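A.B. asks: here is the input, now give the coordinates:
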Amino acid sequence: METDKKLTEGHDAEILFSRTVKAGQRIYYIDVKQNRRGEMYLSVTESKKILSGTQEMPQISYEKHKIFLFREDFGKFNEALQQAFDFVASEQGEAEARPEVDNAINIDLDF
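C.D. replies: Residues are numbered from 1 along each chain as shown. Take a look at the predicted model:
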């Protein structure tokens, strides 16, 4: 969904732009939203699949964490994030791309 202008039900924000990053058992949703005053901000959601129950009767749930980043903080956040990336790369080298895993159970989620 590139520029899906949909009003989120029950929330005070409109999604203007969205990207999904699949990373193993985690999915990251990076959304640019707009509040009722027309101010844009970044919403980052981490969703992690939690499997419980038995193999015959698995129970799937999702643990979600969100952060909201406002426009006036983008520069500072970007600088700190880049410094953290550079530190990890200098200490451990560049990471190899994670291979895509095809899970046996696929469920579509609406956040």
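A.B. asks: how about the strands in this protein?
C.D. replies: For the chain, strands defined by DSSP state E occupy the ranges 6-7, 13-23, 26-35, 40-53, 58-70.
A.B. asks: what pLDDT does residue 49 get?
C.D. replies: Model confidence at residue 49, given as pLDDT, is 87.
A.B. asks: then residue 103?
C.D. replies: pLDDT, read off for residue 103, is 50.
A.B. asks: same check on residue 14?
C.D. replies: The model's pLDDT for residue 14 equals 81.
A.B. asks: also residue 88?
C.D. replies: Residue 88 is given a pLDDT of 94.
A.B. asks: burial measure for it, as a count.
C.D. replies: Residues lying near residue 88 (other C-beta atoms under 10 Å) number 12. C-betas here are computed from N, CA, C, even on glycine.
A.B. asks: kindly report the same for residue 40.
C.D. replies: 15.
A.B. asks: picking up where we left off before, of all the strands of the chain, which one is nearest residue 96?
C.D. replies: Among these, strand 13-23 comes nearest to residue 96, with 13.0 Å by C-beta to C-beta.
A.B. asks: about what we covered before: export the strands of the chain to CSV and tack on distance to residue 89?
C.D. replies: Putting the strands of the chain into CSV (distance: least, C-beta to C-beta, whole Å) gives the following:
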stretch, distance to residue 89
strand 6-7, 37
strand 13-23, 17
strand 26-35, 19
strand 40-53, 21
strand 58-70, 23
